[in-house]
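Novice: all I have is the shape, not the residue letters:
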């Protein structure tokens with residue numbers, strides 16, 4: 001949903017209420033567990049954000065509190081939403097004098113001794129079609145990594161925006177890695 005001005009909290013609540021029963025906008029839900037399906041743009045980004053068990057715990061806490069969205073041009077609605085299958089969120093993006101409000105739902109959660117995260121999939125009221133996975137992992141050498149794996153394709157206005165939409169996706173991945181690095185450093 002594209003908007004000429006920032007929506008009120010009530011408008012966002014109403015939007016989310018309408019999205020709770022909405023369908024995913026793509027048939028390959030859960031595909032980021034195994035890779036990226038054909039016919040989509042793939043984005044795979046990762047960064048080392050710490051070392052050792054304490055860094056892993058801080059990284060897990062950062063994911064649970066949606067710190068990967070802590071950037072000035074994005075508002076996650078709402079960061080207190082639990083990381084669990086079926087939780088629905090909206091991502092409010094400010095770009096070049098207008099806003100987009102995009103709905104997504106958590107498809108699966110990864111809970112392993114040295115790995116934690118989740119994937120969410122786009123709902124019909126999202127500027128893109130696809131899925132994005134956010135994970136933190138402590139590798140055998142003890143280094144802790146944050147990873148974002150996404151597949152998407154534009155639809156509606158995003159199709160017309162072409163390179164701009166891809167630019168925003170790359171910017172999100174870069175800023176998300178910075179946000180997670182900062183969250184783990186701060187503890």
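Specialist: Happy to help now that I have it. Everything numeric in this text was worked out from a predicted model, so none of it was measured.
Novice: show me what the lengthiest strand in the chain is packed against.
Specialist: Under DSSP state E, the strand in the chain containing the largest number of residues is strand 98-112. Contacting strand 98-112 under the criterion 3 or more C-beta pairs under 8 Å, 6 or more residues apart in numbering; DSSP states H and E are the following elements: strand 2-3, helix 9-19, strand 88-95, strand 115-122, strand 128-138. Any C-beta I mention is one placed from the backbone N, CA and C, and that applies to glycine too.
Novice: list the buried ones in the last one?
Specialist: What that stands for is strand 128-138. Within strand 128-138, the residues that qualify as buried by neighbour count (16 or more other C-beta atoms under 10 Å) are 128, 129, 130, 131, 132, 133, 134, 135, 136, 137, 138.
Novice: quick check: the farthest pair among these?
Specialist: Farthest pair in those (C-beta to C-beta) is 129 and 138. Separation: 32.5 Å.
Novice: the residue nearest the centre of the chain bridge partners, please.
Specialist: With the centre of the chain defined as its mean C-alpha position, the nearest residue by C-alpha atoms, centre = their mean is residue 132, 5.7 Å away. On DSSP bridges, the residues paired with residue 132 through beta bridges are residue 120, residue 150.
Novice: who are the contact partners of it?
Specialist: For residue 132, the contacting residues are 32, 104, 119, 120, 148, 149, 150, 152, taking C-beta atoms under 8 Å, 6 or more residues apart in numbering as the criterion.
Novice: for residue 74, state which of those is nearest.
Specialist: Nearest to residue 74 among the contacts of residue 132, counting by C-beta to C-beta, is residue 104 at 12.5 Å.
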